[in-house]
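[1] sequence and predicted structure below; questions after.
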Amino acid sequence: AKRQGGSTFAVFEPRMEHDTREELALQTELREALARNELVLYYQPKMDARSGLITGVEALVRWHHPQRGLVMPGVFIPVAERFGLIGQLGDWVTEEACRQLAEWRSQGLRMRAAINMSAHQLRQDSLLPRLKQAMENHAIDPSQLTIEIIESVLMDDAAVRSFSGLASLGVGLSIDDFGIGYCNFALLRKLPVKQLKVDRSLFTDIQNSADARSVVTAIVQMAHALNLRVVAEGVETERQRDTLQALDCDEMQGFLFARPMPAEKLTLWAMEGET
Ligand code: C2E
Ligand code: CA
Ligand code: CA
Ligand code: CA
């Protein structure tokens with residue numbers, strides 16, 4: 001026990017240095033990536049739970065790194081937020097999603113897309129004008145866009161204040177990862193939110209767990225009482241799908257239906273009739 005202090009230092013110091021160097025490297029490379037257009041959006045369909053038809057897609061950002069390969073957002077979004085790059089990254093995502101919606105339109109595909117935004121993005125004054133500009137650039141109707149915002153943003157007053165501006169633009173608002181953090185139906189009732197996305201951690205074991213079914217049932221009933229649509233996200237098995245369908249979820253998204261995929265692949269998938 002006496003040696004713990006010393007060995008703790010010996011173990012942690014180099015690791016912290018390594019992490020910092022790694023983050024700094026990623027930060028520099030991410031700046032370059034934004035300039036060199038190395039980011040790419042993948043799209044995952046959302047399905048209507050009753051008809052089984054595609055209702056739209058969620059855009060999920062990836063980084064085609066020349067050496068590291070495909071880097072996932074869980075790795076670089078936190079870096080972008082820490083080093084002040086999330087605004088620029090978010091602008092790119094918004095512009096690219098609108099450009100893709102316009103491309104789909106030119107191919108005869110009327111699509112809707114959801115993009116993800118963090119609290120930091122919502123607090124930026126430039127958010128509304130940038131979003132408006134991106135939609136105008138590509139003649140996108142605001143009803144084709146939904147902004148997904150993680151539930152914890154509801155604790156951030158400044159971020160919540162941006163909701164009414166977003167809603168007045170005509171874009172849809174969706175609360176992401178609902179039910180794992182701060183779920184507040186009293187607040188939701190006052191906000192112009194249209195959709196709740198129920199996190200998969202709430203229904204992973206739903207076919208075996210009466211508790212899980214009760215939680216999802218309660219969320220669906222309260223959401224419907226407030227005129228909100230419920231999307232179950234991360235649906236992986238047919239049993240999960242069947243149970244969530246029986247519990248009256250409105251939409252579903254997950255590997256069972258399709259993984260996130262590049263735009264060209266999504267185009268084929270949607271045109272082939274979702275097979
Ligand atoms: P999220 O918004 O909750 O996105 C859902 C994540 O679950 C995605 O991971 C998706 O690929 C994954 N997923 C979808 N279906 C399934 C399934 O059936 N099973 C499992 N296990 N996972 C599934 P991804 O693409 O790695 O994104 C991770 C997170 O990164 C997102 O979580 C979102 O918070 C963030 N993110 C992604 N794109 C953006 C972006 O453009 N801007 C911002 N600010 N954040 C983003
Ligand atoms: Ca999301
Ligand atoms: Ca989510
Ligand atoms: Ca998540």
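    It's in. Residues are numbered from 1 along each chain as shown. Ligands and ions are numbered 1, 2, ... in the order given.
[2] burial of Asp242, as a residue count?
    12 (other CB atoms under 10 Å). No exception for glycine: its C-beta is placed from N, CA and C like everyone else's.
[3] which secondary structure elements does the helix or strand it falls within contact?
    Per DSSP states H and E, Asp242 falls inside helix 238-246. Packing contacts for helix 238-246, counted by 3 or more CB pairs under 8 Å, 6 or more residues apart in numbering; DSSP states H and E, involve strand 251-253.
[4] now check the strand it packs on, is it near ligand 3?
    No: using CB under 5 Å from the ion, strand 251-253 stays clear of ligand 3, with a minimum separation of 8.9 Å.
[5] so in that sheet, which strands flank that strand, and in what orientation?
    Sheet pairing of strand 251-253 (DSSP bridges) gives strand 39-48 (antiparallel), strand 229-233 (parallel).
[6] let me see the contact set for the residue of the stretch 151-275 of the chain found nearest ligand 2.
    Residue of the stretch 151-275 of the chain nearest ligand 2, by CB to the ion: Asp176 (4.3 Å). Listed by CB atoms under 8 Å, 6 or more residues apart in numbering, the contact set of Asp176 reads Asn116, Glu148, Ile149, Ile150, Glu151, Lys197.
[7] repeat for Thr204
    Taking CB under 8 Å, 6+ apart, we find Thr204 in contact with Ala212, Gln240.
[8] a markdown table for the strands paired with strand 251-253, including distance to Leu268 and mean neighbour count?
    Listed next are the strands paired with strand 251-253 as a markdown table, based on distance: least, CB to CB, whole Å; neighbours: other CB atoms under 10 Å:
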| stretch | distance to Leu268 | mean neighbour count |
| --- | --- | --- |
| strand 39-48 | 12 | 21 |
| strand 229-233 | 23 | 25 |
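[9] closest to Arg82 out of the ones you listed?
    For Arg82, the closest of those is strand 39-48, at 17.4 Å, according to CB to CB.
[10] helix or strand next in line after the closest one, which one?
    Per DSSP H and E, the first helix or strand lying C-terminal to strand 39-48 is strand 54-65.
[11] for the residue of the stretch 151-275 of the chain closest to ligand 2, give the beta-bridge partners.
    Note on Asp176: beta-bridge partners Ile150, judged by DSSP bridges.
[12] on that earlier part again, as a markdown table, the strands paired with strand 251-253 with mean pLDDT and distance to Arg241 would be great.
    Formatted as a markdown table, these follow (pLDDT from 0 to 100; distance: least, CB to CB, whole Å):
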| stretch | mean pLDDT | distance to Arg241 |
| --- | --- | --- |
| strand 39-48 | 98 | 9 |
| strand 229-233 | 98 | 8 |
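[13] next, format these as CSV and append distance to Leu122.
    Shown next, in CSV, are the strands paired with strand 251-253 (distance: least, CB to CB, whole Å):
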stretch, distance to Leu122
strand 39-48, 20
strand 229-233, 20
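[14] any chance of those strands in JSON lines, with distance to ligand 1 too?
    JSON lines is the format used below for those (distance: least, CB to the nearest ligand atom, whole Å):
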{"stretch": "strand 39-48", "distance to ligand 1": "6"}
{"stretch": "strand 229-233", "distance to ligand 1": "6"}
